[in-house]
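K.L.:
compute the structure for the input listed below.
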Amino acid sequence: MQPANHRSAHGYTVGTGPPVGEVALRHTSGGVVIVARGEFDAITSPALREAVHGVLAEAPPVLVMDLTGTVFFSSVAIGVLMDAVLTAGERTCVRVVAARPIRRTLQMLDLDPQFDYFDTTQEALTAPA
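P.N.:
As a prediction, the model looks like this:
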């Protein structure tokens, strides 16, 4: 049985115990930041997808995916990133802040050209389009 998604004041959390995958939203003057922490697999990635689609419905100029607190990012979660880029189109710039292991995985899959990478959330929010 899948754990239910629970929406807290901080965002979306999967399960009732310690969060395996947690997604928080932060609105700024430069755009919206989605902070993903923990593990994202077939069970937890739907919360990330829900957050991405909710943000893209607002059509912010920039969506920053902060994955620095992510310890596992499955193929389903990678699909969420690809979906974000395709859904955003030209209205929203999707930018990724991620540690080397996630960047390396995307590079090995030859998906890294699809993303603009930044070292910090602040750099991602303030970089020119």
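K.L.:
okay, buried residues for stretch 34-44 please.
P.N.:
Under the neighbour-count criterion of 16 or more other C-beta atoms under 10 Å, stretch 34-44 has 34-40, 43-44 buried. Glycine gets a C-beta too; all of them are placed from N, C-alpha and C.
K.L.:
looking at those, which are in strands?
P.N.:
Those of the buried residues of stretch 34-44 mapping onto strands are 34-40, per DSSP state E.
K.L.:
let's see the pLDDT reported for the closest residue to residue 79 other than its chain neighbours.
P.N.:
Residue nearest to residue 79 in three dimensions, not counting chain neighbours: residue 45, with 7.7 Å by C-beta to C-beta, 6 or more residues apart in numbering. pLDDT, residue 45: 95.
K.L.:
I'd say residue 45 and residue 82 touch.
P.N.:
No. Residue 45 lies out of contact with residue 82 (C-beta atoms under 8 Å); the separation is 12.0 Å.
K.L.:
which one of these two has more residues nearby?
P.N.:
residue 45 (23 against 15; other C-beta atoms under 10 Å).
K.L.:
mind checking how far the more buried one is from residue 39?
P.N.:
Distance of residue 45 to residue 39, given as C-beta to C-beta, to the nearest Å: 10 Å.
K.L.:
over to residue 81?
P.N.:
15 Å.
K.L.:
ok, residue 117 next?
P.N.:
In terms of C-beta to C-beta, residue 117 sits 21 Å off from residue 39.
K.L.:
chain center to whatever helix or strand residue 94 lives in, what's the gap?
P.N.:
Of the helices and strands defined by DSSP states H and E, residue 94 is found in strand 93-97. Remark: strand 93-97 is offset 9 Å from the chain centroid, using C-alpha atoms, centre = their mean, to the nearest Å.
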